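Visitor: Have a look at this fold, sequence not included:
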């Protein structure tokens, strides 16, 4: 990697960190390019070398983080030949929660900012499409599943978003490993089993 590449990465990191700080402080809509430049300690011209405007910055930042999240989710690791391996699911979820932890400021900001509408729904839809893609890539007889596929994907996506939001709002009080273990249990055993209810 060249010095120029490192300089670009460093500048974009400063811009994105400044951007998230400003959203937390004053909301998204009031932010100006000058605000971002001042917070990031760069010139306005430097900002425009990387982004068209704050909406372009928001879109590119979101796309980058969610692309990284998608790369963490691979059903081929824990579902093979029709067999579900819980430990492999836990291992994958550790990677997911570590990603959330590494990008905690982004997720917490985006999930709580009142003037960035629909990010929670956007994240749910993103995960819905990811789970759907992963499911249809599995070598299983999908016609035997007596359950609407989209209902399943919606349940999984919204459950994951809710748990991520809860974890962040509670300052990530549990480790990524602990969260992975509990979410894997929810997926494999179901909430009614976990709270000890008798099912008749």
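Guide: Nice, I can see it. For clarity, every value in this text was computed on a predicted model and none was experimentally measured.
Visitor: the domain parsing of the chain - what is it?
Guide: When the chain is parsed with automatic domain parsing, its domains come out as 1-51, 58-194.
Visitor: would you turn those domains into TSV with mean pLDDT?
Guide: As requested, the domains of the chain are exported to TSV (pLDDT from 0 to 100):
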stretch	mean pLDDT
domain 1-51	93
domain 58-194	86
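Visitor: Those domains into TSV, with extra columns for mean neighbour count?
Guide: Bear in mind the C-beta positions are built from the backbone N, C-alpha and C, glycine included. Shown next, in TSV, are the domains of the chain (neighbours: other CB atoms under 10 Å):
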stretch	mean neighbour count
domain 1-51	15
domain 58-194	15
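Visitor: counting contacts, what elements does the longest helix along the chain pack onto?
Guide: The residue-count maximum for a helix in the chain (DSSP state H) belongs to helix 3-26. For helix 3-26, the packing partners by 3 or more CB pairs under 8 Å, 6 or more residues apart in numbering; DSSP states H and E come out as helix 33-40, helix 44-50, helix 54-72, helix 104-112.
Visitor: quick one: which of the ones you listed is nearest residue 121?
Guide: helix 104-112 (10.9 Å; CB to CB).
Visitor: what angle separates that closest one from helix 54-72?
Guide: Helix 104-112 and helix 54-72 are oriented at 110 degrees to each other (axes from the mean of the first three to the mean of the last three CA atoms, to 10 degrees).
Visitor: What lies in contact with helix 104-112?
Guide: 17, 20, 23-24, 61-62, 65, 100, 116, 119-120, 123, 164-165, 168-169, 172 (CB atoms under 8 Å, 6 or more residues apart in numbering).
Visitor: what do you get for stretch 37-47?
Guide: So stretch 37-47 is contacted by 11, 14, 15, 17, 18, 19, 21, 22, 33, 34, 36 (CB under 8 Å, 6+ apart).
Visitor: gap between the two ends of that stretch?
Guide: Taking CA to CA, to the nearest Å, stretch 37-47 runs 7 Å from one end to the other.
Visitor: Check stretch 70-85 too.
Guide: Calculated as CA to CA, the first-to-last residue distance of stretch 70-85 is 20 Å.
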